[in-house]
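>>> Please work out how this folds:
(2 chains)
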Amino acid sequence: MSTEANSLTMRTLVILVIAVAILCGLLLPRFLSVYYLQVADVTLINILLVLGLNFILGFGGQMSLAQCAFFGIGAYAFTLLQAAGMPVPVAAVGAIALSAAVGMALGWPTLRLKGHYLALCTLAFALIVERLLVNWEGLTNGANGITAIPGIGLAGENDKMLWVLLAVVASAYLLQAWIANGPLGLRIRALRDDSLAAQAIGVDVSRLKIMLFVISAAYGGLAGICYVLLRGYISPDVFSWQSTFSYLAMAVVGGLGSPLGAVLGAILYTFVPELLRFMQEYYFAVFGVMVILVITFFPAGLSGMVLSVLRSLRRPGKSFARSDVTHHERAA
Amino acid sequence: MLQTFIQIVLVGLAVGAAYALVALGYTLIWNAVSLVNFAQGDLVMLGAFVSVGWLANRLGMPLWLNLITMLVILGLFGAGLAWGIYHPLRNAPQLSAIVATLGLSMALQNIAVIIWGPQPLNFAGPLGTTSVHLFGSTIYAQYLVILAALAAMMAIQHVLFQYTALGRAMRATAQDAEAARLMGIPTARIIAFIFAYATMLAALAGWLIAPLSYVSSDMGVNLSLRAFAATILGGFGSIPGALVGGLAFGVIESAGSFYISSEYIDVIAFGVLIAVLMFRPQGIFGELELERP
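Numbers count the residues shown, from 1 in each chain, chains lettered A, B, ... in the order given. You can find the predicted model right below:
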């Protein structure tokens, strides 16, 4: 496919994403109650986290389970930097930089690990971060968390935060699509499909893997900042190691390696349980069974289904986002 | 000093024995069908609840009958999992199947709350809080029961795998399901057997640890994680690895929480685990499966 076609499709995607974001910003507050608006905001933060996970898991094929840790590091770093008197942009950049640096510190020593071994290592790291957040009381105020964080003064204002989050998520989505469609995306896909062959044709596999860890962590840190801005308080239980499995499930249910999949997975996983609340104590059991059913009927994720419907409607040869290639991926 | 040390090691080994039972389940299912069943710890919980909530509290069964009935129920449930979860997903990508087991874990925990209520249950077990003196140290007798049960289970498993036709068929299926099927082994049924057996191991662990802690719907979560850690520490897919990894992880936890800090026990135990993997990326007994750095 020529570069011209690529830039054209990217331009279409930009317009499409911005249009959808504006539409959501205009329509959601009209139709959703205050409570559901907050659910929508949380959904957007989850989309951000899953987009981040997509880099390392979907594009890189590396089974990382540390996303909740970067989420927490970003949130606490931002909070503490702001408390230390730094202006919001400096604190935000600092928090993202710290998440990215920790991502590099985790990605580098685990280069040799594969499959389940990497999964456990990153999971152990997530658990360690959570225990530190709980026990390092001098820094984090322990299990009580930190309250009344100034942020940008929009904590609790779900309608205004909706616009902020839509802007952040739209940018993050487009950045991912842009990376996936560019030359870097080709190298990433080569790494995932056959790392040995990629190495043979001159792809620096180690650097690429570390880079994926770093971008993934930076997205996680950014999500952490967004969470602080939205809520105005944080506590370690938001960043518990078990929550990492929810993000994993969102990524897989939505469809790995596709930004659209991240969006669909996060929406399904965050919104549907709320809609099932009328079933009272049964709702999480029902939701668990639903996850199993979705996986059984759409093993390639929801985006795989949506995209195959879209493709059949379109002229062949002009797919509008080449990153949206779902992929049957074996983790090990 | 020495007495304390013996006590710590014994408690660590006993807790580790429970990890090992769950870890064996992971390993057997992984070897047979390349699936990591993250709901394995919740089967521990289910075993404990069936035993305590139904058989003991409702029916007042004697303990030996309680144990056998529970194992039969959970064995059937495990075979059901092979048909209900594994079978429809046998051709799905591995990660999808893992996420399905996460969905199963979520469902099981919440179903347990629906059936047995949100309050944790108490279980005295065969010995209650009897203590024994051993080498000058005092520990709960239940710890020794757990160790004895693990030893007995390993002996039974050895006989099953080495000397029975069913065991041979299970080993053949685990080694190469395709070839096993060509040899006329009904692999689908054997896989159901493997699921049943793995579930019974987990349920046995639940029955054994129930007297030491409360029986609650989330008791499997920590066991799932620690047994997974044990599996990795021992070397993924290795049966002696699961055993040694489980016992070793139990001792690391027990010693770390006594000698260093009980608050930071998870940080220590999982820090040690990461450190071990840095130097031995395939675990203790694992086969070398290295990613080129």
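
>>> ok, B:Arg181 - how many residues close by?
Using other C-beta atoms under 10 Å in any protein chain shown, B:Arg181 is surrounded by 15 other residues. Placement of C-beta: from N, CA and C, glycine included.

>>> what's the answer for A:Gln280, then?
Using other C-beta under 10 Å, the number of residues around A:Gln280 comes to 8.

>>> Give me the nearest residue to residue 168, chain neighbours excluded.
Answering for chain A, as no chain was given. Leaving aside its sequence neighbours, A:Val168 sits nearest to A:Cys226 (C-beta to C-beta, 6 or more residues apart in numbering or on different chains; 6.1 Å).

>>> oops, I was thinking of chain B
Nearest to B:Arg168 is B:Phe161, by C-beta to C-beta, 6+ apart, at 7.7 Å.

>>> Now name the helix or strand holding the one you found.
helix B:141-163 (DSSP states H and E).

>>> and what of B:Phe236?
Per DSSP H and E, there is no helix or strand for B:Phe236.

>>> what sits against the residue nearest to it when sequence neighbours are not counted?
Closest residue to B:Phe236 apart from its sequence neighbours, by C-beta to C-beta, 6+ apart: A:His116 at 5.2 Å. Neighbour list for A:His116: A:63, A:332, B:36, B:231-232, B:236 [criterion: C-beta atoms under 8 Å, 6 or more residues apart in numbering or on different chains].

>>> What residues does the stretch 51-200 of chain A have near chain B?
For the stretch 51-200 of chain A, the residues in contact with chain B (C-beta under 8 Å from any C-beta of the partner chain) are A:63, A:109, A:111-117, A:120-121, A:123-125, A:127-128, A:131-132, A:135, A:195-196, A:199.

>>> mind redoing it with 10 Å?
Within the stretch 51-200 of chain A, the positions adjacent to chain B are A:57-58, A:61-63, A:106, A:108-132, A:134-137, A:195-196, A:199 by C-beta under 10 Å from any C-beta of the partner chain.

>>> Just the buried ones among the residues you listed, please.
Using 16 or more other C-beta atoms under 10 Å in any protein chain shown as the burial test, these include A:57-58, A:61-63, A:106, A:110-132, A:134-136, A:195, A:199 as buried.

>>> Ramachandran angles for the residue of the stretch 101-250 of chain A found nearest chain B?
Ranking the residues of the stretch 101-250 of chain A by distance to chain B (C-beta to the nearest C-beta) places A:Ala124 first, at 3.7 Å. Dihedral pair for A:Ala124: phi -60, psi -40, per degrees, to the nearest 10.

>>> Go ahead and confirm it touches A:Leu113.
No. Assessed by C-beta atoms under 10 Å, A:Ala124 is found out of contact with A:Leu113, at 11.2 Å.

>>> any low-confidence regions in the chain?
You didn't pick a chain, so chain A it is. Scanning chain A for pLDDT under 70 picks out the ranges A:1-8, A:314-332.

>>> my question was about chain B
B:288-293.

>>> pull the longest helix from it.
Longest helix of chain B, by residue count under DSSP state H: helix B:2-33.

>>> tell me how far that one is from the chain's mean position?
Chain-centre distance of helix B:2-33: 8 Å, with C-alpha atoms, centre = their mean, to the nearest Å.

>>> ok, back up a step: tell me the contacts of the residue nearest to B:Arg168?
Taking C-beta atoms under 10 Å, 6 or more residues apart in numbering or on different chains as the criterion, B:Phe161 is in contact with B:28, B:167-168, B:170-171, B:174, B:239.

>>> go on, A:Phe70?
So A:Phe70 contacts A:49, A:52-53, A:64, A:96, A:98-100, A:102-103, A:106, A:125-126, A:129, A:213, A:216-224, A:239 (C-beta under 10 Å, 6+ apart).

>>> ok so, going back, residues that sit against both of A:Ala124 and A:Leu113, list them.
Taking C-beta under 10 Å, 6+ apart as the contact rule, A:Ala124 and A:Leu113 both touch B:232, B:274, B:277.

>>> From those residues, which land in helices?
Mapping the shared contacts of A:Ala124 and A:Leu113 onto helices (DSSP H) picks out B:232, B:274, B:277.

>>> give me the number of residues near the last one?
Read that as B:Leu277. The burial count for B:Leu277: 22, using other C-beta under 10 Å.

>>> wait, it sits on A:Leu123?
No. If you go by C-beta under 10 Å, B:Leu277 and A:Leu123 don't touch, sitting 11.7 Å apart.
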